[in-house]
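1. Kindly generate the corresponding structure for this input.
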Amino acid sequence: MQPQFTGTALITDDVPALAAFYAAVLDADVEGSGPFARVTVSGAVLSFFSAQGMESMVPGSMAGDGNGGFTLEFQVADVDARHERLLAQGVEVLKPPTTQPWGRRSVWLRDPDGNIVNLYQEA
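-> From the prediction side, this is the model:
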């Protein structure tokens, strides 16, 4: 059997804040509390992207707020509607909804630890 990717763990100093952020972004519930919590969504994709490439696409995104050493991607039904809802909640938007040359429409956010979250839909 080929390995099956089932999730990733983000290491943080503030479990409740980070869990609440992802629950809000993904319209999901937080399970657990204290030193361990989780948010469950359907499916997962792990992508790799160079720091230089990220910096060239969103200048300043790799400096400052936390490590910012990786990007998590989640496919959503409506990037623009989700963007408006997240703005109203005070979520930091790095790049507003944009249609990329490769056919994805995406919005880029920063989580409380400084990591980048890409919410996208196929254009």
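2. what ranges do the helices span in the protein?
-> Per DSSP state H, the chain carries helices over the ranges 15-26, 51-57, 79-88.
3. for the longest one, what is the average pLDDT?
-> Put plainly, it is helix 15-26. Helix 15-26 shows a mean pLDDT of 85.
4. pLDDT weak spots in this structure?
-> Within the chain, the ranges that satisfy pLDDT under 70 run 3-7, 9-13, 44-55, 57, 61-69.
5. Endpoints of stretch 70-86, how far apart?
-> 21 Å (C-alpha to C-alpha, to the nearest Å).
6. quick one: buried residues of it?
-> Residues Thr71, Leu72, Glu73, Phe74, Gln75, Val76, Val79, Arg82, His83, Leu86 are the ones in stretch 70-86 that count as buried (16 or more other C-beta atoms under 10 Å). C-beta: built from backbone N, CA, C; applies to glycine.
7. would TSV of those with distance to Ala23 be doable?
-> Shown next, in TSV, are the buried residues of stretch 70-86 (distance: C-beta to C-beta, whole Å):
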residue	distance to Ala23
Thr71	19
Leu72	14
Glu73	17
Phe74	12
Gln75	17
Val76	14
Val79	19
Arg82	14
His83	17
Leu86	12
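8. Cheers, nothing more for now.
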